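> Attaching a predicted model along with its sequence, questions to come.
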Amino acid sequence: MLTALRFMGPLDHIETGVAEVINGNRDYSFESESPDFEGLANGLNVMIARLLGRPDPTDDDTGENERWSGDVAVDDQVSTTGPQASPENAQLAAEAEDAYLSRTWNEWVAARKQTGEGVEGMTPEAFVAKLRQNEVNLKGKYNCRMVRFKVVVKNNQTTLKPVPIT
């Protein structure tokens with residue numbers, strides 16, 4: 001019974017992720033709850049990246065700049081009602097772009113260092129370019145006037161959570 005439970009939970013999690021991708025969530029990232037399924041989760045992430053024409057999330061030859069783009073996780077629970085959803089989102093919407101970009105870069109660097117992920121190969125300019133590239137894609141997806149990002153550390157991985165602003 002314990003052996004079955006050890007495998008069934010992580011497999012259910014992966015099956016849920018597969019359903020997310022089938023239902024159109026192209027930004028889904030598989031995370032393994034168990035070391036027994038890390039290889040499978042990684043393989044699924046690589047498969048999605050290749051099918052969508054993105055760099056492989058584990059491709060060390062492309063350097064940190066290219067790998068970073070796969071680390072931006074999109075939370076399906078993201079609010080599309082704009083800055084009225086919370087005072088924090090209103091503050092994000094009102095923040096000057098230069099200040100927002102600088103603050104986000106600094107928070108991202110601090111979080112990556114804290115988790116041991118490092119920032120080798122990533123420059124502030126490349127980071128801003130990736131933010132803008134992701135913003136363009138997400139503005140269309142969420143039909144909003146702008147997208148800001150929050151730095152989030154989840155499962156000891158640094159990601160950016162998009163906040164659509166109408």
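Cool, the structure landed. For clarity, every value in this text was computed on a predicted model and none was experimentally measured.

> Show me what counts as buried in the one helix or strand Asn134 maps to.
Element membership for Asn134 (DSSP states H and E) is helix 124-142. For helix 124-142, the neighbour count (16 or more other C-beta atoms under 10 Å) marks 127-128, 130-131, 134-135, 138-139, 141-142 as buried. From N, CA and C alone the C-beta is placed, and that goes for glycine too.

> Check which helices and strands that helix is in contact with.
Helices and strands touching helix 124-142, by 3 or more C-beta pairs under 8 Å, 6 or more residues apart in numbering; DSSP states H and E, are helix 63-68, helix 97-115, strand 146-154, strand 157-165.

> export it as PDB, just CAs?
The C-alpha coordinates for helix 124-142 follow below in PDB (Å, rounded to 0.1, in the frame of the first residue of the first chain):
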ATOM      1  CA  PRO A 124      20.000  43.200 -17.200                       C
ATOM      2  CA  GLU A 125      19.500  44.000 -20.900                       C
ATOM      3  CA  ALA A 126      18.800  40.300 -21.800                       C
ATOM      4  CA  PHE A 127      16.500  40.000 -18.800                       C
ATOM      5  CA  VAL A 128      14.500  43.000 -19.900                       C
ATOM      6  CA  ALA A 129      14.300  41.700 -23.500                       C
ATOM      7  CA  LYS A 130      12.900  38.400 -22.200                       C
ATOM      8  CA  LEU A 131      10.400  40.200 -20.000                       C
ATOM      9  CA  ARG A 132       9.200  42.200 -23.000                       C
ATOM     10  CA  GLN A 133       9.000  39.200 -25.200                       C
ATOM     11  CA  ASN A 134       6.900  37.300 -22.700                       C
ATOM     12  CA  GLU A 135       4.800  40.400 -22.100                       C
ATOM     13  CA  VAL A 136       3.900  40.600 -25.800                       C
ATOM     14  CA  ASN A 137       2.800  37.000 -25.900                       C
ATOM     15  CA  LEU A 138       0.800  37.200 -22.600                       C
ATOM     16  CA  LYS A 139      -0.900  40.500 -23.500                       C
ATOM     17  CA  GLY A 140      -2.600  38.700 -26.400                       C
ATOM     18  CA  LYS A 141      -3.400  35.700 -24.300                       C
ATOM     19  CA  TYR A 142      -5.000  37.700 -21.500                       C
END
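
> Good, we can wrap up now.
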